[in-house]
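Asker: dropping a prediction and its sequence here:
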Amino acid sequence: MTVRKVGVIGIGTMGQGIAEMLAFKGLDVQVMDITSEKLEAGLQHIELSLDKQIEKWALTQAEKKLTLNRINRADGIESFADCDFVIETITEDLEAKKAMFEQLDNVCGADVIIASNTSTLSLTELASVTKHPGRVIGMHFIYPVYKIDLVEIVRGLQTSDATFEETKHFIEEVMNKKGVMVFESPGFVTTRLICLFINEALHVLEEGVASAEDIDSAMRIGYSFQHGPFEMADRFGLDAVLAALDRMFREYGELKYRPSIVLKKMVRAGHLGVKTGIGFFQYDKDGDRI
């Protein structure tokens, strides 16, 4: 399979990173969101991300222009009919994703792979609303997409071997990232383990063992983490961490997945991390710690 044009549906934080990365790799990218306002905001964030890379001498103005020129706005779901590969990255809502997969299944050719960037939802259930469940697969990217060279390739119950092999080739040969195969399970590998890490850090904070700053310093310096658990949570979005823990708690029924009350309070207060400028720490408009 030769991939030249990729559809990305949902230009939130992850969609922005995926679209930017694919366009920088030389692919034509078709993007869409639920409203034109959200789409324009997403495209503006992509441009800001490229500008930040220029400031750090990681990108040239010419590369920025070429990257932006490869990203095209979709007029509607029918615009994805000529895509060679489609990646869905809308909100983590099962019914919304199922509705989207049903539409894509009717629009895309039978040989086009439809992937979801979900971190906790069932690929088997998403595939159940399609006529071609064998072509449905999970591609779980890690934030920030352009920096992290890993993608979890998630097989649902009916995902075909051909779909898996073609997806793995696309990830490793075109994106130049490492593809790790996992079988469907809530949280897969990365989300399951990192959310438990963050949740345990929250319990340590609740117990008054150490401050958020000192817990982060201990893990960052002591174990060479790029970010400590609280800054990780801020960058993922505290609402996203809470949603992931809630889903795993419901699916597995084990107390270790029960979200910390501190996390619930932060989300209720609207302190979601980088996206709101305040979480466990404060951030400027570029997402840098203040």
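Answerer: Yes, it's here.
Asker: packing partners of the helix or strand bottoming out on mean pLDDT in the chain?
Answerer: Lowest by mean pLDDT, DSSP states H and E among the helices and strands of the chain is helix 36-55, with a mean of 93. Here helix 36-55 touches helix 13-24, strand 28-32, helix 61-69, strand 71-73, going by 3 or more Cβ pairs under 8 Å, 6 or more residues apart in numbering; DSSP states H and E. The C-beta positions use only the backbone N, C-alpha and C, and glycine is treated the same way.
Asker: burial count for residue 195?
Answerer: Using other Cβ atoms under 10 Å, residue 195 has 27 other residues around it.
Asker: quick one: mean pLDDT for the one helix or strand it maps to?
Answerer: Residue 195 is part of helix 190-206 when elements are defined by DSSP states H and E. When pLDDT is averaged over helix 190-206, the result is 97.
Asker: please apply the same query to stretch 117-124.
Answerer: For stretch 117-124, the mean pLDDT works out to 93.
Asker: in that stretch, which residues are buried?
Answerer: For stretch 117-124, burial by neighbour count (16 or more other Cβ atoms under 10 Å) applies to 117, 118, 119, 120, 121, 122, 123.
Asker: of these, which pair is most distant in space?
Answerer: Pairwise distances across the buried residues of stretch 117-124 peak at 14.1 Å for 117 and 122 (criterion: Cβ to Cβ).
Asker: not counting residues beside it along the chain, what's closest to residue 282?
Answerer: residue 290 (4.4 Å; Cβ to Cβ, 6 or more residues apart in numbering).
Asker: touching, the one you found and residue 284? I think so.
Answerer: Yes. With contact defined as Cβ atoms under 8 Å, residue 290 reaches residue 284; the gap is 5.7 Å.
Asker: thinking again about what came up before, so what's the residue nearest to residue 282 up against?
Answerer: With contacts defined as Cβ atoms under 8 Å, 6 or more residues apart in numbering, the neighbours of residue 290 are 281, 282, 283, 284.
Asker: rerun at 10 Å
Answerer: By Cβ atoms under 10 Å, 6 or more residues apart in numbering, the contact set of residue 290 is 277, 278, 281, 282, 283, 284.
Asker: angles on the backbone of the second one, please.
Answerer: Its backbone dihedrals place residue 278 at phi -150, psi 140, with angles given as degrees, to the nearest 10.
Asker: which strand residues bridge it?
Answerer: residue 273, residue 282 (DSSP bridges).
Asker: that's all I had, so thanks and see you.
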